[in-house]
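Colleague: Just need the structure, nothing else, for what follows:
(one chain, ligands or ions: 1)
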Amino acid sequence: MAEKKYIPQLPEGTQIPVHIGMIMDGNGRWAKKRGLPRKFGHREGAQTFRTITRHAKNCGVKYFTVYAFSTENWKRPKDEVEAIMDLFEKYLDEVRDFIEENIRICFIGDRSMLRPELQRKMASVEEDSRDFKAMTLLIAINYGGRDEIVHAAKRLAQEVKEGKTDPSMITEDMLNSRLYTAELDGDIAPDVDLIIRPSGEQRLSNFMIWQAAYAEYYFTNILWPDFKPADLEKAIIAYSDRNRRFGSV
Ligand code: FPP
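Modeller: Residues are numbered from 1 along each chain as shown. The predicted structure follows:
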């Protein structure tokens, strides 16, 4: 589908975050406000996801991670889970235009629990987009920050068992390079600089808890389906105006 083009209108000198994490929240409330079933909110949210991902790339963001489905989201009614998975699969079928935009697509999370057809499509999209350089889009699906740390810890434990390393030698870098965000075909996503959460909630909800150790946070009451390119720019400008010290003075 042809997308409207939005030209970024960022003031000169704006510091662009290298890595943005987006918690796409508020789809259910958006639908409820209109008297519609929740899945209509997700459908609208998937459209917003397309528009905002493109805009992030046009603003010069290098890594854009979206929280599409958490390890806790399986607790939702079956038909809602199915609707989200269907939207995700539809997106994978239509993803070619993203590839044309030079966006590399990767997935983070435990994919073993997803439908086999979905897993196959994910692997194929990753393969087809591996050489694209404008931006890396990371889609977090069946993702949990704690699960990711456990996954990394298991890998380290196995290496200790095999005599490849010693527990006293384990460093932050070693754990970091065993997270899902380090499984990007030889690339490791940098720490997230800015986390954006629309919909009025002000929490991380198990999203990139390791990578967000020094992140800036931006919260807005706008519901995700209503989130516009100009809202992304507002968040980037707010980030640029902050003074990040990374623990120093
Ligand atoms: C949170 O809103 C949103 C989700 C759990 C699903 C996000 C999924 C999409 C945007 C569409 C599919 C994704 C892709 C990548 C095509 P909520 O349902 O918790 O909203 P609420 O808090 O208002 O109930």
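
Colleague: in the longest helix belonging to the chain, what's buried?
Modeller: Identified as the longest helix of the chain according to DSSP state H is helix 38-59. Buried residues in helix 38-59, counted by 16 or more other Cβ atoms under 10 Å: 38-46, 48-59. Where C-beta positions appear, they are placed from N, C-alpha and C, glycine not excepted.

Colleague: Please apply the same query to stretch 90-109.
Modeller: Neighbour-count burial for stretch 90-109 flags 91-92, 95, 98, 101, 103-109 (criterion: 16+ other Cβ under 10 Å).

Colleague: Endpoint to endpoint, it covers what distance?
Modeller: Stretch 90-109 has an end-to-end distance of 19 Å (Cα to Cα, to the nearest Å).

Colleague: tell me how far that stretch is from the chain's mean position?
Modeller: 13 Å (Cα atoms, centre = their mean, to the nearest Å).

Colleague: Stretch 218-236 too?
Modeller: Distance, stretch centre to chain centre, for stretch 218-236: 15 Å (Cα atoms, centre = their mean).

Colleague: what residues does it touch?
Modeller: Here stretch 218-236 makes contact (Cβ atoms under 8 Å, 6 or more residues apart in numbering) with 6, 8-10, 14, 16-17, 20, 24-27, 29-30, 33, 41, 44-45, 47-48, 51-52, 55-56, 59, 194-202, 238-239.

Colleague: so D185 makes contact with S129?
Modeller: No - with contact defined as Cβ atoms under 8 Å, D185 does not count as touching S129 (10.0 Å).

Colleague: Compare those two (neighbour count), which wins?
Modeller: Ranked by neighbour count (other Cβ atoms under 10 Å), D185 and S129 place S129 first, with 20 against 11.

Colleague: Can you tell me the element the single nearest residue of the chain relative to the ligand falls in?
Modeller: Going by Cβ to the nearest ligand atom, the ligand is nearest to G28 of the chain, at 2.5 Å. Per DSSP states H and E, G28 falls inside helix 27-33.

Colleague: and the ligand, which of the buried residues of stretch 90-109 contact it?
Modeller: Near the ligand, judged by Cβ under 6 Å from any ligand atom, the entries from these are Y91.
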